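A.B. asks: Need the 3D shape of this:
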Amino acid sequence: MAVEGPVGEFLRRHIGAAEAWPMEPAAPLSPCRLSAEDLEALAAVVGSAHVDIEEPTRLAATGGASYLDWVRHRAGDRSDAPDAVVRPSTDDEVVRVLRIAEERGIVVVPHGGGTSVVGGLRETRPHVALVLDRLGLLLNVDEVSHLAVVGPAATGPRLEPLLAARGLTLGHIPQSWARASIGGYVATRSAGQASTGYGRIDDMVEAMTVATPRGLLHLGRGPSSAAGPDLRSLFIGSEGTLGVITDVTLRVRPLPSERRYEAVVFPSFAAGVAAFRAIAQGRVTADVMRLSDEAETRTSLALSGPKGAAAAALGRYLRARGVDVGQSALAILGWEGTDGAYVVDRRRATWRILKDHGAVALGRRAGESWRRGRLDGPFLRDALMDAGYLVETLETACDWRGYLDLHENLTRAISDALETSAGQPYVMSHLSHVYETGASLYTTIIAAADRGDPQGQWLGAKEAAMQSIVSAQATVTHHHGVGRDHAPWLADEWGVLGVDAISAVKSVLDPAGVLNPGVLLPDTAP
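C.D. replies: Numbering: from 1, shown residues only. As a prediction, this is how the structure comes out:
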């Protein structure tokens, strides 16, 4: 199936034609591999109505959202479907389910929105999916302290209206917002698109409850503590391997009544990076700061920019201000707050630095257009894969000093790995999470899929990309998590002793190794 319109034209121009990639019929699910005794033991805890082995329920709790997941599912492979879906309703029930799993050697995979892009849900052994939607949504709100106790299965679209009714917001909006769960945010150390202003999810966690086969942990007291190492950080980012998050107390903010989003253009990606560094180190950041490299800027302009005479007028406008549109870098900045004058003052402080780095204003219309469509990206992947293209992303972060070198070397490594006689991949990146000492780098890759071995094609590129990241002393993941896909490189970041230390913690909390084995840490499940 061909992709038409601006997207199709862009693909044919920059990548070339690809062979249509039809979705194969899904193979029937294998029968539940758990014994009758296993199912009876689980039902004795949560009730028989909440231990489901029917195919539609099992399929709904299947797999993740990485390219490798989608390749297998397009081929009709559903071997990662859980054998049963178990839905406890209390902390105590979660603990009892985990103890039964430990006693009977049943692998447990906590399942939220199913949006892992790093193989965090990929399990083919007999296992249960633990779905926590019966633990509640918004459990309590402290409007004085600005704290909200939230159930782990709550999603942004369900939570935000409840907070907004109280004049509050979490302000955490990752691209997976439509489906991802709060428990998933915390378990993968998520970062939303406004993390520069609101903070990452780990900045928002005040307290949490975690269920393990050994019992419950209630972690976090007050806004800060010197009571030894922060045990919350042990479970934030633990991806269901050390315990199951059953509730989270989150720091919420006043709901902004004023929002100002606008687009600007820099003469180059390097100029934009220098500007963003100066803004961060000058402590005059916007709440949203996103900078596209030249390749992503060309994509944005081709797909959603002005056409015809309007495009020519934009080119003249930029050239008159010293910017070549073909080499430019597009940025989006957004300021939010409850006081319009304060938002204006913050914007002025940011713009004083932007002007020093050659930024040219494109105005609020382009900024608002990005804000309205910022969650649309994942929905385009199906159409691109139908048309025969490999579509995947990866992300990292490093210090400012090595940032541009990392960008150049990573782009080259991926391009070289995927280049064939038939065509060149399209590799584009953006910076979207800014810190005083460095920033994230998020890369999107599109190439004609190798229909003979699509998994091998991507794994070769992934290997090249990760070696480039590791050699640059950058992190193996900034906000997607480790899962199975990044686990081989975790020792490069933590060191072998670091992996051994966290493995030792797992041996105390989950001695049988049944909690999401093979994710994050070496697999110790039977």
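
A.B. asks: Secondary structure class of Val109, three-state.
C.D. replies: Following DSSP: H, G, I helix; E, B strand; the rest coil, we place Val109 in the strand state.

A.B. asks: nope, Thr443 is what I was after
C.D. replies: Secondary structure for Thr443, judged by three-state DSSP, is strand.

A.B. asks: from what I can see it touches Thr393, true?
C.D. replies: Yes. With contact defined as C-beta atoms under 8 Å, Thr443 reaches Thr393; the gap is 6.5 Å. From N, CA and C alone the C-beta is placed, and that goes for glycine too.

A.B. asks: Tell me which of those two has more neighbours.
C.D. replies: Using other C-beta atoms under 10 Å, the more surrounded residue of Thr443 and Thr393 is Thr443, with 22 against 17.

A.B. asks: Tell me who's in contact with the more buried one.
C.D. replies: Residues near Thr443 by C-beta atoms under 8 Å, 6 or more residues apart in numbering: Thr393, Leu394, Glu395, Leu410, Thr411, Ile414, Val427, Met428, Ser429, Ala465.

A.B. asks: where does it sit relative to Val427, distance-wise?
C.D. replies: Using C-beta to C-beta, to the nearest Å, one gets 6 Å for the distance from Thr443 to Val427.

A.B. asks: quick one: common contacting residues for these two?
C.D. replies: Counting by C-beta under 8 Å, 6+ apart, the residues touching both Thr443 and Val427 are Thr411, Ile414.

A.B. asks: where do the helices sit along the stretch 101-250 of the chain?
C.D. replies: Assigned by DSSP state H, counting those that start in this stretch, the stretch 101-250 of the chain shows helices spanning 156-164, 182-188, 195-198, 201-204, 232-235.

A.B. asks: Can you tell me which of those helices is nearest to Arg346?
C.D. replies: In terms of C-beta to C-beta, the element of the helices of the stretch 101-250 of the chain nearest to Arg346 is helix 195-198, at 9.5 Å.

A.B. asks: Show me what the closest one packs onto, helices and strands only.
C.D. replies: Applying 3 or more C-beta pairs under 8 Å, 6 or more residues apart in numbering; DSSP states H and E, one finds that helix 195-198 contacts strand 288-292.

A.B. asks: who touches the strand it packs on?
C.D. replies: 193-194, 196-197, 261, 266, 269, 272-273, 276, 279, 300, 329-334, 370, 428-432, 434.

A.B. asks: what's the distance between the spatially most central residue of the chain and Thr393?
C.D. replies: For the chain, the residue sitting closest to the mean C-alpha position, by C-alpha atoms, centre = their mean, is His480 at 4.2 Å. Distance of His480 to Thr393, computed by C-beta to C-beta: 8 Å.

A.B. asks: Now do the shared contacts for the two.
C.D. replies: Val117.

A.B. asks: and Leu231, how far is that from Glu40?
C.D. replies: Applying C-beta to C-beta, the value for Leu231 to Glu40 is 35 Å.

A.B. asks: higher neighbour count, the two?
C.D. replies: For Leu231 versus Glu40, the count of surrounding residues by other C-beta under 10 Å is larger for Leu231: 15 against 12.

A.B. asks: What sits closest to that one if chain neighbours are left out?
C.D. replies: In this structure, Leu231 finds its nearest non-sequential neighbour in Leu219, 5.0 Å apart by C-beta to C-beta, 6 or more residues apart in numbering.

A.B. asks: Give the bridge partners for the one you found, please.
C.D. replies: Taking DSSP bridges, one obtains Met208 as the residues bridged to Leu219.

A.B. asks: Please name the nearest non-neighbouring residue to Asn409.
C.D. replies: Ser468 (5.1 Å).

A.B. asks: Please name every helix or strand in contact with the helix or strand where Thr393 lies.
C.D. replies: Thr393 is located in strand 389-399, with elements delineated by DSSP states H and E. Contact partners of strand 389-399 among helices and strands, from 3+ C-beta pairs under 8 Å, 6+ apart: helix 67-74, helix 377-386, helix 403-418, strand 438-448, helix 454-471.

A.B. asks: Just name the most buried of those.
C.D. replies: A comparison of those by mean neighbour count, using mean count of other C-beta atoms under 10 Å, puts strand 438-448 on top with a mean of 23.

A.B. asks: Report the angle between that one and strand 389-399.
C.D. replies: Angle of strand 438-448 versus strand 389-399, following axes from the mean of the first three to the mean of the last three C-alpha atoms, to 10 degrees, is 160 degrees.

A.B. asks: in stretch 241-257, what's buried?
C.D. replies: 241-253, 255-256 (16 or more other C-beta atoms under 10 Å).

A.B. asks: returning to what we had before: pipe the helices and strands packed on strand 389-399 into TSV and attach mean pLDDT and distance to Leu135 per row.
C.D. replies: Below are the helices and strands packed on strand 389-399 laid out as TSV (pLDDT from 0 to 100; distance: least, C-beta to C-beta, whole Å):
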stretch	mean pLDDT	distance to Leu135
helix 67-74	93	26
helix 377-386	82	26
helix 403-418	97	40
strand 438-448	97	31
helix 454-471	97	35
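
A.B. asks: Would you enumerate the residues in contact with the closest residue in space to Leu68 that isn't next to it in sequence?
C.D. replies: Nearest non-adjacent residue to Leu68, counting by C-beta to C-beta, 6+ apart: Gln455, 5.9 Å away. By C-beta under 8 Å, 6+ apart, the contact set of Gln455 is Leu68, Val71, Arg72.

A.B. asks: Using neighbour counts, pick out the buried residues of stretch 346-366.
C.D. replies: Buried, per 16+ other C-beta under 10 Å, within stretch 346-366: 346-347, 349-351, 353-354, 357-360, 362, 366.

A.B. asks: Residues contacting stretch 361-369, please?
C.D. replies: Contacts of stretch 361-369 (C-beta under 8 Å, 6+ apart): Arg260, Tyr261, Glu262, Ala263, Val264, Val265, Ser304, Leu330, Ile332, Leu333, Gly334.

A.B. asks: Model confidence score at the first one, please.
C.D. replies: Spelled out, that is Arg260. pLDDT, the model's per-residue confidence, is 96 for Arg260.

A.B. asks: Quick check: Ser440 touching Glu395?
C.D. replies: Yes. Counting by C-beta under 8 Å, Glu395 is a contact partner of Ser440 at 6.1 Å.

A.B. asks: which residues do these two both contact?
C.D. replies: Common contacts of Ser440 and Glu395 (C-beta under 8 Å, 6+ apart): His478, His479.

A.B. asks: for whatever helix or strand Arg260 lives in, packing partners?
C.D. replies: Assigned by DSSP H and E, Arg260 belongs to strand 258-266. Applying 3+ C-beta pairs under 8 Å, 6+ apart, one finds that strand 258-266 contacts strand 329-337, helix 340-356, strand 360-363, helix 364-373.
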